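Colleague: need coordinates for the below:
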Amino acid sequence: MKLTIERDHLVFALTPCAAVAPVRGTLPIVSCVLLSAKGKTLTASATDLICGVRRTCDAKTTEPGSVAVGAKDLLERVKTLPSGPVTMVGTTESLTVSSGKRKHVLHCQAPADMPPLPEPKTDGVKVAAGMFLSSLERAAVTASKDGTRPGMNAVAIDTHEGRLRMRAASNSGMGAVSVPLAVVVPKLLMPLESSLALRRVIDTEGDLFVSTDTARAYFISDRTLFVTALPSADHVPFDTFITIRDGLPCHATIERLPLISALRSVQLAAGRGELGGIVILKFTKGSLAIWAESVESNGNDELDVECETPGKVVVFAPQLLDALDACDDERVKFDFGQGVDPLFVTPEKVDTYLGIVMPLSEKGA
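Modeller: Numbers count the residues shown, from 1 in each chain. Sure thing, here's the model as predicted:
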């Protein structure tokens, strides 16, 4: 393989591959990027056996061929080259990358050992990439980080009554994003790691085409294909929890940013460890008192709030902060009860997000 390519084009092709390829995988080949040159195109692809990515860019090929080389190592070296044309010469054993007098030689692995990326069988449904990715990011913060629970270590995506829904859950809460959408996106349960990887490799500008088959989901944007395996698991029955909200007796409305600031400050007094981050929210008419304590210290703050019915909730501050960050409105609404009733968090003026924070007993606080 021999070609000439602009350094910035090469960085563009390698960046998503380096984001997906693990530094050390169970198979050495999956830490590689497969580079295939033909005609006026260089194609770079990588996979971690769960998700994979392929990106194309312009290049001038004089000898077509393919090489497999460490993805992150190659990207780091290419970034150190001066701007301008880069020459790449690959053999079965090595890849030489040079620009001017600067040159790097990297060891190669057999391209034939690279696991192939599956191809989508349909063009998919077209959505706005920025809207889809920002919604996915807002929902993913609530997903469980426990990889042994595939039904919760994921984001559930579907379309319902003209709205795109993305929902995630963990033991301590749930989050649901809902935005208007005129088309029907395929129903899928997307692994959390794949959700985060997609956000890193797909540009937020332009259109995104989404499709699925029985085992995978495919996302195509401009010159990039992202594919992920789908878990064979069921998601949490989210709607069951939403019905609880209508019967809750306590309601409050409060400025979002001052509340975030207060929570971040007061939670520091709760210390670390198993009980770290626990805060108590005590609502009275017109006032919200926030309290946290540990064996070493305590902290508190008080904010103005619109509230008619007194109530108290004990929560993990990090879960509540995740919900508040996702609300994206100047003011938020709280619906809650007493004891083990969930705390519902929504933006005041838009219906694009619903957060559910599971409370703790006062004995655990």
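Colleague: V53 touches A18, doesn't it?
Modeller: No. Using CB atoms under 8 Å, V53 makes no contact with A18, being 9.7 Å away. C-betas here are computed from N, CA, C, even on glycine.
Colleague: assumed V227 was part of a strand.
Modeller: Yes. Under DSSP: H, G, I helix; E, B strand; the rest coil, V227 sits within a strand.
Colleague: so what's L35 bridging to?
Modeller: A44, V67 (DSSP bridges).
Colleague: so the chain: which segments form each domain?
Modeller: Using automatic domain parsing, the domain parsing of the chain gives 2-113, 125-236, 239-364.
Colleague: average pLDDT for the longest one?
Modeller: Pointing back at domain 239-364 there. Domain 239-364 shows a mean pLDDT of 89.
Colleague: quick one: stretch 254-263 to chain centroid distance?
Modeller: Distance, stretch centre to chain centre, for stretch 254-263: 24 Å (CA atoms, centre = their mean, to the nearest Å).
Colleague: which residues are contacting that stretch?
Modeller: Under the contact criterion CB atoms under 8 Å, 6 or more residues apart in numbering, stretch 254-263 has outside partners 279, 288, 290, 301, 303-306, 317, 320-321, 324-325, 327, 329-332, 334.
Colleague: repeat that with 6 Å
Modeller: The contact list for stretch 254-263 (CB atoms under 6 Å, 6 or more residues apart in numbering) reads 290, 301, 303, 305, 317, 321, 324, 331-332.
Colleague: buried ones only from the residues you listed, please, as a ChimeraX command.
Modeller: A single ChimeraX command selects the buried members of those (16 or more other CB atoms under 10 Å):
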select :290,301,303,305,317,321,324,332
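Colleague: please enumerate the strands of the stretch 51-200 of the chain.
Modeller: In the stretch 51-200 of the chain, the segments counted as strands under DSSP state E, counting those that start in this stretch are 51-58, 60-63, 65-70, 85-90, 94-99, 102-109, 125-128, 154-160, 163-170, 173-180, 188-191.
Colleague: where does the stretch 1-150 of the chain have low pLDDT?
Modeller: For the stretch 1-150 of the chain, the stretches with pLDDT under 70 are 25.
Colleague: now do 90
Modeller: Applying pLDDT under 90 to the stretch 1-150 of the chain flags residues 22-28, 92, 121-123, 146-150.
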